[in-house]
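In: Predicted coordinates and the sequence they were generated for:
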Amino acid sequence: MATRVTIRHVAKAAGVSVTTVSDSLSGKGRLPEETRKKVLETAKSLGYQASSAAKSLASGRTGILMMSIAAPETAVTSMWNVEFFVRVMSAASEVASSRGYALAMAPIGDWAGKTTIPYDGAIVVDPVPENRLVQRALVDGRPLVTVGRLDSTVTSSVDNDFSAVVSEVLDHLWEKGSRRPGLISSPVSASYAADCVQAYEGWCKVRGVQPRLEVVSGSLSEDTGRQAAERLLSREDAPDSIFATLDRLALGASMAASAAQDVMIVSLGDSSAVAGASTPLTAVELQPVEIGRAAAEMLIEQIEGEQSIKSVTIPAHLVVRASTEAGARPTN
């Protein structure tokens with residue numbers, strides 16, 4: 001078994017002290033440039049690699065990134081059933097690991113604000129100001145990246161262009177013959193939901209269409225989606241299509257609409273459940289893997305001083321399936 005090269009091996013080969021090697025590798029101390037260069041070349045030739053612990057000590061960092069799902073006004077447990085969040089977390093974790101960091105999930109509630117676990121920065125999905133991890137990161141002065149917007153000038157964000165997304169979806173439904181599109185929205189305290197509601201109402205105003213809107217609360221599940229769709233479909237001016245701002249809500253709407261022919265369904269967010277439904281649902285692919293990667297890269301670059309605060313928009317695209325193709329009707 002090969003012996004791991006340590007700082008002592010480098011010191012012996014370079015003919016200097018362990019302290020000199022340490023200062024040379026960390027960039028600290030007052031050393032002649034020739035000495036520092038000699039140590040670095042020796043370390044490279046020997047294949048020396050600093051341990052994660054040593055790097056953390058030298059940089060003053062912990063190597064830990066915190067992540068939280070704000071889940072405004074919703075039951076937290078329901079979030080773990082949403083494929084979008086799982087894919088964002090998995091992608092962020094892969095990037096963190098490849099860059100020498102560990103991604104730790106912060107439970108919702110008082111824990112995030114009271115824990116003494118040290119960390120270098122945080123990622124919060126669907127942020128709201130009252131989220132404990134958001135509050136702690138801002139108070140601690142730690143780099144913070146949000147998936148979705150937070151009204152703060154000291155945070156970076158990764159997001160989709162939901163105004164463009166909503167217009168694309170509603171234009172698609174219009175082309176398929178829908179003249180009474182309805183919207184089932186998540187709580188508007190999340191920026192993506194607020195953007196969708198605003199874009200929907202603006203589109204309806206331009207088209208001269210009466211808005212048909214239901215905003216859910218509590219658990220974001222198939223059941224709440226089904227109940228919201230039933231309320232919409234029981235109206236005298238019931239919608240002939242429904243756009244839902246979460247895949248689970250769209251699946252619930254599909255259940256409610258199963259007895260009502262020609263009701264088209266679109267999901268904001270694609271998933272295996274949406275694609276594998278008895279009637280596969282048309283969906284907006286938000287690219288959560290790219291979102292997770294971008295959030296983690298941005299956070300690490302800020303921690304390491306390589307990047308300033310900025311915002312990134314990840315493109316989304318519509319995936320057309322049977323739920324709008326089969327429900328197409330001639331235009332009036």
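Out: Great, that's in hand. Numbering: from 1, shown residues only.
In: residue ranges of the strands in the stretch 151-300 of the chain, please?
Out: 156-159, 181-185, 212-215, 241-244, 264-268, 282-285 (DSSP state E, counting those that start in this stretch).
In: could I get the ones you listed as a markdown table with mean pLDDT and distance to residue 39?
Out: The C-beta positions use only the backbone N, C-alpha and C, and glycine is treated the same way. As requested, the strands of the stretch 151-300 of the chain are exported to a markdown table (pLDDT from 0 to 100; distance: least, Cβ to Cβ, whole Å):
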| stretch | mean pLDDT | distance to residue 39 |
| --- | --- | --- |
| strand 156-159 | 94 | 36 |
| strand 181-185 | 98 | 60 |
| strand 212-215 | 97 | 63 |
| strand 241-244 | 98 | 61 |
| strand 264-268 | 97 | 55 |
| strand 282-285 | 98 | 50 |
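In: Helix, strand, or coil at residue 118?
Out: Secondary structure, DSSP: H, G, I helix; E, B strand; the rest coil: residue 118 is coil.
In: Look up the closest residue to it, ignoring the ones flanking it.
Out: Spatial nearest neighbour of residue 118, excluding adjacent residues (Cβ to Cβ, 6 or more residues apart in numbering): residue 62 at 4.5 Å.
In: for residue 43, same thing?
Out: residue 10 is the one closest to residue 43 (Cβ to Cβ, 6+ apart), at 4.8 Å.
In: Same question for residue 270.
Out: residue 283 (4.0 Å).
In: What distance do you get for that neighbour to residue 32?
Out: 63 Å (Cβ to Cβ, to the nearest Å).
In: ditto for residue 223
Out: From residue 223 to residue 32 the distance is 71 Å (Cβ to Cβ).
In: Neighbour count for the two, which is higher?
Out: residue 223 (15 against 8; other Cβ atoms under 10 Å).
In: wait, the more buried one sits on residue 249?
Out: No. Counting by Cβ atoms under 8 Å, residue 223 does not reach residue 249; the two are 9.9 Å apart.
In: got the buried residues for stretch 206-221?
Out: For stretch 206-221, a neighbour-count test (16 or more other Cβ atoms under 10 Å) marks 209, 212-214, 216, 219-221 as buried.
In: got a markdown table for the residues you listed, with distance to residue 273 too?
Out: What follows is these, written out as a markdown table (distance: Cβ to Cβ, whole Å):
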| residue | distance to residue 273 |
| --- | --- |
| 209 | 29 |
| 212 | 25 |
| 213 | 24 |
| 214 | 21 |
| 216 | 18 |
| 219 | 16 |
| 220 | 13 |
| 221 | 12 |
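In: Nearest to residue 313 among those?
Out: Nearest to residue 313 out of these is residue 220 (Cβ to Cβ; 23.8 Å).
In: The closest one reaches residue 82, doesn't it?
Out: Yes. Contact criterion Cβ under 8 Å: residue 220 and residue 82 qualify, at 7.0 Å.
In: what's near enough to touch the spatially closest residue to residue 186 that is not a sequence neighbour?
Out: Leaving aside its chain neighbours, residue 186 sits nearest to residue 193 (4.3 Å; criterion: Cβ to Cβ, 6+ apart). If you count contacts by Cβ atoms under 8 Å, 6 or more residues apart in numbering, residue 193 has them with 185-187, 215, 245.
In: joint contacts of residue 220 and residue 82?
Out: Shared contacts of residue 220 and residue 82 (Cβ under 8 Å, 6+ apart): 246, 248.
In: returning to what we had before: who wins for proximity to residue 203 among the strands of the stretch 151-300 of the chain?
Out: The closest of those to residue 203 is strand 181-185. By Cβ to Cβ, the value is 8.4 Å.
In: Parallel or antiparallel, list what pairs with the closest one.
Out: strand 212-215 (parallel), strand 241-244 (parallel) (DSSP bridges).
In: could I have that strand exported to PDB, CA atoms only?
Out: What follows is strand 181-185, C-alpha atoms only, in PDB (Å, rounded to 0.1, in the frame of the first residue of the first chain):
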ATOM      1  CA  PRO A 181     -58.100  28.400 -18.800                       C
ATOM      2  CA  GLY A 182     -57.900  28.100 -15.000                       C
ATOM      3  CA  LEU A 183     -55.000  28.200 -12.600                       C
ATOM      4  CA  ILE A 184     -54.300  26.300  -9.400                       C
ATOM      5  CA  SER A 185     -51.500  28.000  -7.600                       C
END
